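**Student:** got a predicted model here, sequence first, then my questions.
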Amino acid sequence: MEFFNREKEKQRLLKALESKKAKLLILYGRRRCGKSTLIKNALKSNDIYYMAQQSDEAIQRIQLANTIGEKIKGFDSVVYPDWESLLMNLNNIIKEPLTVCIDEFPYLVKGSVSLPSIIQKIVDNTVNRKYHLILCGSSQQMMQGLILDSSSPLYGRADEIMKITPLEAGWIGTAIGCKPEQSVAEYSVWGGVPRYWELRAEEKSFKAAVKNIILDRYGVLHEEPARLFFDDMRESVQAFSILTTVGNGSNRLSEIAGKLNKPSTQLSRPIDNLIQLGYLKREVPFGESEKNSKKGIYRISDPFMNFYFTFLVPGLSRLELGLTDQVFNVFESRLPNYVSFEWESLCRRSVPMKPANGIYFDIAYRWWGTNLKNELMELDVVAESTDKKYLLIGECKWSKITNTTSLIKKLEQKVNLFPLAKGKKVITVLYLKETSERGVPSNVFLPSDVLDRLK
């Protein structure tokens, strides 16, 4: 897997591993986001990397001992009755400081619930510990529980805690080898997971990749959500139901509850869980309290999950019959509208990354509500400057625009009716798929501009 935009994380790892004092480093995050690749890029040739398997505790110890034995001769000639004897013997036998990485650490904890306490004992014995220890895992909830729960033995002991998230859209063009406009369409399906990009790059076209990798019932990612939910949930049926309902256009809590025939109160915990895992998000209009607003709506936040629950799940019966082309044709007919949704999201995310007209802005939101004429109105992008003096207000169009002046005038008319613009200096901008005008105005952002900000 190629290594994209993890330099900051790599440098933090290297800095910690260069310390003469033994460190405990924690990495966690969604599967296939490049955690293992990141770690391997930071390890030295004499360091120890062990990928845990879901097997019996005794087998796990034998496997780890064998891995260590490849670097430390004779280490695996001993049968270790427990984890403490293995880890303590490793400390005693090491002649020079090194790093030990245990990847998919939750698999070991499932087999031995006392393991975190054993590691706590070793970590606390800083005088004699000779090795850095990296614990890595894809079970986000379990890893968070091990390090963030105040009752956990490892709570407060990590020297670095890194949550590795999907990459931003600015890197996908380099990974796949496509131009900015196509990059937006690609990102709307694959999202920011490096492994998905790698799979996509092996296919000859966007169409072939979507059909062969996701829609085809033998595709590598055809059952991907089930694998992801297995890492973090005891019961995935409710998660599937919620995301399917949102993917089919039910965005308010009352609508989701109605479709699932459940009281809203029963959905609070599973929805919060999906938000924490990065699969769902709650949007509120600009100017509203994210915590207290009653206007909040829910959307699938991850592009791959959005594609999956918008197109694959509703077409599952046909896909099981091998009718992949039929489901793809439905997707293709709705592609412009589908991509425009992700385009809006990318435009908003790009706003705080770099200044506009020399002014820095905070996080951008949508706005919807009643304007000064008591009419319903929506604005695609609204952000306040960090000094609170300006508003950036933008319109997003995933289409070719021949007259940007006319579109700006229409946007300015909306601005004049926007209740929250009073007393603010407003900068109007357009985010366009393309324009036929010669010389792109400074207040017009094209896919190349947006993606450049998202690196």
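**Tutor:** Structure's in. What do you need? Residues are numbered from 1 along each chain as shown.

**Student:** hey, let's count contacts and neighbours off CA atoms from now on
**Tutor:** Noted.

**Student:** list the contacts of Tyr80.
**Tutor:** Tyr80 makes contacts with Arg61, Ile62, Leu86, as judged by CA atoms under 8 Å, 6 or more residues apart in numbering.

**Student:** same check, this time on Leu312
**Tutor:** Taking CA under 8 Å, 6+ apart, we find Leu312 in contact with Leu215, Val327.

**Student:** and it, what's its pLDDT?
**Tutor:** pLDDT recorded at Leu312 is 97.

**Student:** distance check, it against Gln11.
**Tutor:** 39 Å (CA to CA, to the nearest Å).

**Student:** circling back: out of the contacts of Tyr80, which are buried?
**Tutor:** The neighbour-count test (16 or more other CA atoms under 10 Å) applied to the contacts of Tyr80 identifies Arg61, Ile62, Leu86 as buried.

**Student:** just the closest of those residues to Ser183, please.
**Tutor:** Arg61 (44.8 Å; CA to CA).

**Student:** how deep is Asn337 tucked in, by neighbour count?
**Tutor:** Using other CA atoms under 10 Å as the criterion, Asn337 is surrounded by 11 other residues.

**Student:** try Asn91
**Tutor:** The number of residues packed near Asn91 is 16, by other CA under 10 Å.

**Student:** quick check: buried residues in the host helix or strand of Ile122?
**Tutor:** Taking DSSP states H and E as the criterion, the element that holds Ile122 is helix 115-124. Using 16+ other CA under 10 Å as the burial criterion, the residues of helix 115-124 that qualify are Leu115, Pro116, Ile118, Ile119, Gln120, Ile122, Val123.

**Student:** domain parsing for this structure?
**Tutor:** Taking automatic domain parsing as the domain assignment, the record places the domains of the chain at 7-163, 203-333, 350-453.

**Student:** where are the low-confidence patches of the stretch 251-400 of the chain?
**Tutor:** Residues of the stretch 251-400 of the chain that meet the criterion pLDDT under 70 are absent altogether.

**Student:** please enumerate the strands of it.
**Tutor:** According to DSSP state E, counting those that start in this stretch, the stretch 251-400 of the chain carries its strands in the segments 280-283, 297-300, 365-370, 376-384, 390-401.

**Student:** those strands: which one's closest to Pro336?
**Tutor:** Distances from Pro336 to each of those were compared using CA to CA; the shortest belongs to strand 390-401, at 7.1 Å.

**Student:** pairing partners for that closest one, with directions?
**Tutor:** Paired strands of strand 390-401, with direction, are strand 376-384 (antiparallel), strand 425-435 (parallel) (DSSP bridges).

**Student:** what helices or strands is the longest helix along the chain leaning on?
**Tutor:** When the chain is scanned for its longest helix (criterion: DSSP state H), the result is helix 335-350. Under the contact definition 3 or more CA pairs under 8 Å, 6 or more residues apart in numbering; DSSP states H and E, helix 335-350 sits against helix 180-190, strand 376-384, strand 390-401, helix 447-453.

**Student:** okay, those, which one's buried deepest?
**Tutor:** Highest mean neighbour count among the helices and strands packed on helix 335-350 (mean count of other CA atoms under 10 Å): helix 180-190, with a mean of 22.

**Student:** C-terminal to that helix, what's the next element?
**Tutor:** Using DSSP H and E, the next helix or strand after helix 180-190 towards the C-terminus is helix 194-201.

**Student:** count of neighbours near Leu277?
**Tutor:** Counted with other CA under 10 Å, residues neighbouring Leu277 total 19.

**Student:** just give the nearest non-adjacent residue to it, would you?
**Tutor:** Of all residues not flanking Leu277 in the chain, Gln140 sits nearest, at 7.2 Å (CA to CA, 6 or more residues apart in numbering).

**Student:** repeat for Leu86
**Tutor:** In space, Leu86 comes closest to Tyr80 once its chain neighbours are excluded; the distance is 5.7 Å by CA to CA, 6+ apart.

**Student:** what does the pLDDT read for the one you found?
**Tutor:** What the model reports as pLDDT for Tyr80 is 96.

**Student:** sec struct for it, please.
**Tutor:** Reduced to three states with DSSP: H, G, I helix; E, B strand; the rest coil, the structure at Tyr80 is coil.

**Student:** now do it against Gln60, distance only.
**Tutor:** When distance is defined by CA to CA, Tyr80 is 11 Å away from Gln60.

**Student:** kindly report the same for Leu87.
**Tutor:** 13 Å.

**Student:** can I get the buried residues of helix 115-124 in a markdown table with distance to Glu283 and pLDDT?
**Tutor:** Supplementary listing: those in a markdown table, determined by distance: CA to CA, whole Å; pLDDT from 0 to 100:
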| residue | distance to Glu283 | pLDDT |
| --- | --- | --- |
| Leu115 | 40 | 95 |
| Pro116 | 37 | 95 |
| Ile118 | 43 | 93 |
| Ile119 | 41 | 93 |
| Gln120 | 40 | 93 |
| Ile122 | 44 | 88 |
| Val123 | 42 | 89 |
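
**Student:** show me where the stretch 51-200 of the chain has helices.
**Tutor:** 57-69, 83-93, 105-111, 115-124, 140-148, 172-176, 180-190, 194-201 (DSSP state H, counting those that start in this stretch).

**Student:** hmm, Pro225 and Met305 touching each other?
**Tutor:** Yes: the pair formed by Met305 and Pro225 meets the contact definition of CA atoms under 8 Å, at 7.4 Å.

**Student:** those two: which is more packed in?
**Tutor:** Met305 (23 against 16).

**Student:** for Trp343, list the residues it contacts.
**Tutor:** Residues near Trp343 by CA under 8 Å, 6+ apart: Val184, Cys396, Trp398.

**Student:** which ones are touching the nearest residue to Ser188 once chain neighbours are set aside?
**Tutor:** Once flanking residues are discounted, Ser188 sits nearest to Pro303: 5.2 Å by CA to CA, 6+ apart. Residues in contact with Pro303, defined by CA under 8 Å, 6+ apart, are Tyr187, Ser188, Val189, Trp190, Gly191, Glu342.

**Student:** of all those residues, which two lie farthest apart?
**Tutor:** Every pair of the contacts of Pro303 checked by CA to CA; the farthest is Trp190 and Glu342, at 11.4 Å.
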